[in-house]
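Peer 1: whatever this is, show me its structure:
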Amino acid sequence: MPIRLLPLIPFAWFVLEVVLLVEVGQAIGALAVVGLLIAAGLAGSLLLRHVGTSVVSSLLAQDPRGRSTIDRLRSAGWQVAAGILLIVPGFASDVVALALFLPPVRRLLSSLLPRPANLRTRSVVIEGEFRDVSPQDEPPARLPPDRDRTPREPHDNPWSDRDTR
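Peer 2: Okay, the predicted model is just below:
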């Protein structure tokens with residue numbers, strides 16, 4: 001698909017949603033369509049709430065099926081996408097959302113995404129020395145006599161904008 005056609009995809013999706021709404025509305029009635037859209041929106045918001053709490057709890061506990069953290073996060077990401085698609089009014093987005101509920105579809109889509117590199121193999125070690133510079137009970141060191149903080153004459157400042165006379 002040429003890149004220049006990509007901006008037309010949202011427009012085509014919108015046209016598909018409107019056509020499906022009109023066709024379903026003629027078949028079952030406008031009130032039933034509005035009821036289905038409201039029910040789908042409520043289901044999507046409940047799904048988002050459930051996925052949000054389950055992601056936090058699954059990250060804190062070990063997965064009994066032995067899935068990695070990245071796989072669990074990807075699965076939760078697809079479920080969040082399904083919840084958002086359920087909230088968006090339209091039947092085409094609801095069909096895609098229902099497909100995202102199926103674990104085989106989520107696994108297929110996750111397999112299409114690139115896998116992150118193992119972070120443990122790319123560890124960086126910076127060697128160096130350190131010195132404790134925390135204040136201690138000893139008195140502060142004095143500067144050498146030639147470097148004390150006495151005020152200098154104005155003509156000693158090479159950056160002064162005053163003319164030398």
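
Peer 1: give me the pLDDT value at the most centrally placed residue in the chain.
Peer 2: The centroid of the chain falls nearest to G77 when counting by C-alpha atoms, centre = their mean (9.9 Å). G77 is assigned a pLDDT of 87 by the prediction.

Peer 1: mind giving me the packing neighbours of whichever strand or helix holds it?
Peer 2: Using DSSP states H and E, G77 sits within helix 69-87. In this structure, helix 69-87 makes packing contacts with helix 30-60, helix 91-100, helix 103-112, judged by 3 or more C-beta pairs under 8 Å, 6 or more residues apart in numbering; DSSP states H and E. Any C-beta I mention is one placed from the backbone N, CA and C, and that applies to glycine too.

Peer 1: flag every buried residue along the longest one.
Peer 2: In this case it means helix 30-60. Neighbour-count burial for helix 30-60 flags 33, 36-37, 40, 43-44, 47-48, 51, 55, 58 (criterion: 16 or more other C-beta atoms under 10 Å).

Peer 1: okay if I get the residues you listed as JSON lines plus pLDDT and distance to V18?
Peer 2: Shown next, in JSON lines, are those (pLDDT from 0 to 100; distance: C-beta to C-beta, whole Å):
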{"residue": "V33", "pLDDT": "94", "distance to V18": "12"}
{"residue": "L36", "pLDDT": "94", "distance to V18": "15"}
{"residue": "L37", "pLDDT": "94", "distance to V18": "13"}
{"residue": "A40", "pLDDT": "93", "distance to V18": "16"}
{"residue": "A43", "pLDDT": "92", "distance to V18": "22"}
{"residue": "G44", "pLDDT": "91", "distance to V18": "20"}
{"residue": "L47", "pLDDT": "89", "distance to V18": "25"}
{"residue": "L48", "pLDDT": "89", "distance to V18": "25"}
{"residue": "V51", "pLDDT": "85", "distance to V18": "29"}
{"residue": "V55", "pLDDT": "77", "distance to V18": "34"}
{"residue": "S58", "pLDDT": "73", "distance to V18": "38"}
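
Peer 1: and the helices and strands packed on helix 69-87 as TSV, adding distance to D132?
Peer 2: Shown next, in TSV, are these (distance: least, C-beta to C-beta, whole Å):
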stretch	distance to D132
helix 30-60	36
helix 91-100	55
helix 103-112	48
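
Peer 1: what's the closest of those to E127?
Peer 2: Closest approach to E127 among the helices and strands packed on helix 69-87 (C-beta to C-beta): helix 30-60, 33.1 Å.

Peer 1: which helices and strands sit right next to that closest one?
Peer 2: helix 8-28, helix 69-87, helix 91-100.
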